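Trainee: sequence isn't available, so here's the structure alone:
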């Protein structure tokens, strides 16, 4: 199989970085992208500014490839998603040339002649990647390894508090958005509701609050499932990502000003549609007269195309099992995890790897630098450079956003039974890997 290429799924930051590392080691790669251009998912949130600065958003192998063509890396500032695409991802994809195929969706991955059940000769068979293009033409591509960097953007969480769409949510879909809004001027004078308590929800609330200040009669309601608001403020001055710290500070000021109605402990059970929407909670409370809902409750991986592969995901997070303890938001939320390389990302299906945001499943703490280290290690492993694969080249900023998910129903959301609140951000040169198995974690 060595003469076969490595197929990389997704032409986002991690997928393109993987292709750059493969090219640097002389390994043939094919990048399959469903969208029409590099960083297609990033482009959809192009109006949002990243927390990470430019030096933290450029992979080393990608930098070397681009600089060999006369490219100069941006040195300072925090780009928007659109700037990240225009100034880095698009030039990188151009440098990779015909290795990148657009408008091509992966519909399934398997071993040639072996479904998921068959043991015999499995590891000796190449992968077969089934694809479909815009015109519906199907193709089978053979590969000696597959790197899934397809992300989670296409599968946002629902407004329903139990992880499933609320009753009526699908029917009301035209008035529900699962993306951070850009131009919200059309909502002037109406009632907009944001569901969620993460960074995306905070972005949306801040945009809407500015509209409420400018346009009399505009109402903004923020529905938070937990019983307190402290969790949305982040790590403040202790956060090593200044842009993220600023977001939390802005959220605190906005809440204190009273321009937004914050409703805590509200777990959406039903959305009733009429001339306007009415949102009902599990405890019977109602939010009537709603024109638009922004459901920003996180993302989850789509594993449908992996159904014929033997993979090991954490049962709670849908994350790669080998890294789940490091990133579990029930334990910590700081994001300053140790490196996750080929060993931690290994799957029961030999030479298949899930990297990038998809490797984190539903955990919200993924950083671009973490993904770049993942693909560096994975590609080194595929090249047989086991020393480089095992080496840890990751240096992350201390984030200071500690305390974990907290007691789900506590007033301040900061108490975790039996845990050290400051533990995940306490000074430590190395964070040890957790106890969940990294290799062959198949249920017995």
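Mentor: Thanks, I have the structure now. Please read these numbers as outputs of a predicted model, since none were measured by experiment. Numbers count the residues shown, from 1 in each chain.
Trainee: all contacts plus neighbour counts: C-alpha atoms, from now on.
Mentor: Fine.
Trainee: for the stretch 51-200 of the chain, what spans make up the strands?
Mentor: Counting by DSSP state E, counting those that start in this stretch, the stretch 51-200 of the chain has strands at residues 100-101, 104-111, 127-133, 138-143, 145-148, 176-177, 191-195.
Trainee: which residues are contacting the third one?
Mentor: The contact list for strand 127-133, computed with CA atoms under 8 Å, 6 or more residues apart in numbering, reads 103-112, 138-146.
Trainee: closest to residue 305 out of the strands of the stretch 51-200 of the chain?
Mentor: strand 104-111 (4.1 Å; CA to CA).
Trainee: chain center to the closest one: distance?
Mentor: 21 Å (CA atoms, centre = their mean, to the nearest Å).
Trainee: for that strand, packing partners?
Mentor: Contacting strand 104-111 under the criterion 3 or more CA pairs under 8 Å, 6 or more residues apart in numbering; DSSP states H and E are the following elements: strand 29-32, strand 127-133.
Trainee: rerun that using 7 Å as the cut-off
Mentor: strand 127-133 (3 or more CA pairs under 7 Å, 6 or more residues apart in numbering; DSSP states H and E).
Trainee: neighbouring strands for the strand it packs on, and are they parallel or not?
Mentor: Paired neighbours of strand 127-133 in the sheet (DSSP bridges): strand 104-111 (antiparallel), strand 138-143 (antiparallel).
Trainee: out of the ones you listed, deepest packed?
Mentor: strand 104-111 (a mean of 21; mean count of other CA atoms under 10 Å).
Trainee: quick one: contacts of it?
Mentor: Here strand 104-111 makes contact (CA atoms under 7 Å, 6 or more residues apart in numbering) with 32-34, 122, 125-134, 305-306, 308-309.
Trainee: quick one: mean pLDDT for that strand?
Mentor: Strand 104-111 shows a mean pLDDT of 98.
Trainee: mind listing the helices for the stretch 201-350 of the chain?
Mentor: 242-257, 324-327, 342-345 (DSSP state H, counting those that start in this stretch).
Trainee: deepest-packed of those, please.
Mentor: helix 324-327 (a mean of 24).
Trainee: quote the end-to-end distance of stretch 110-129.
Mentor: 7 Å (CA to CA, to the nearest Å).
Trainee: quick check: buried residues in it?
Mentor: 110, 111, 112, 114, 122, 125, 126, 127, 128, 129 (16 or more other CA atoms under 10 Å).
Trainee: rebuild the residues you listed as CSV, extending it with distance to residue 55.
Mentor: Listed next are the buried residues of stretch 110-129 as CSV, based on distance: CA to CA, whole Å:
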residue, distance to residue 55
110, 37
111, 39
112, 41
114, 44
122, 42
125, 40
126, 37
127, 35
128, 37
129, 34
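Trainee: how is the protein divided into domains?
Mentor: 6-154+299-405, 173-295 (automatic domain parsing).
Trainee: as JSON lines, the strands of the stretch 51-200 of the chain with distance to residue 4 would be great.
Mentor: Shown next, in JSON lines, are the strands of the stretch 51-200 of the chain (distance: least, CA to CA, whole Å):
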{"stretch": "strand 100-101", "distance to residue 4": "16"}
{"stretch": "strand 104-111", "distance to residue 4": "14"}
{"stretch": "strand 127-133", "distance to residue 4": "10"}
{"stretch": "strand 138-143", "distance to residue 4": "5"}
{"stretch": "strand 145-148", "distance to residue 4": "8"}
{"stretch": "strand 176-177", "distance to residue 4": "42"}
{"stretch": "strand 191-195", "distance to residue 4": "46"}
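Trainee: show the pLDDT at residue 417.
Mentor: So, for residue 417, pLDDT stands at 31.
Trainee: pick out the residue nearest the middle of this structure.
Mentor: Nearest to the mean C-alpha position of the chain, counting by CA atoms, centre = their mean, stands residue 357 at 3.9 Å.
Trainee: how near is the closest residue to that one other than its chain neighbours to residue 6?
Mentor: What sits nearest to residue 357 in space, not counting adjacent residues and going by CA to CA, 6 or more residues apart in numbering, is residue 151, at 5.1 Å. Look at residue 151 and residue 6: by CA to CA, they are 18 Å apart.
Trainee: and what of residue 60?
Mentor: 20 Å.
Trainee: compare those two and say which is more crowded by neighbours.
Mentor: residue 6 (26 against 16; other CA atoms under 10 Å).
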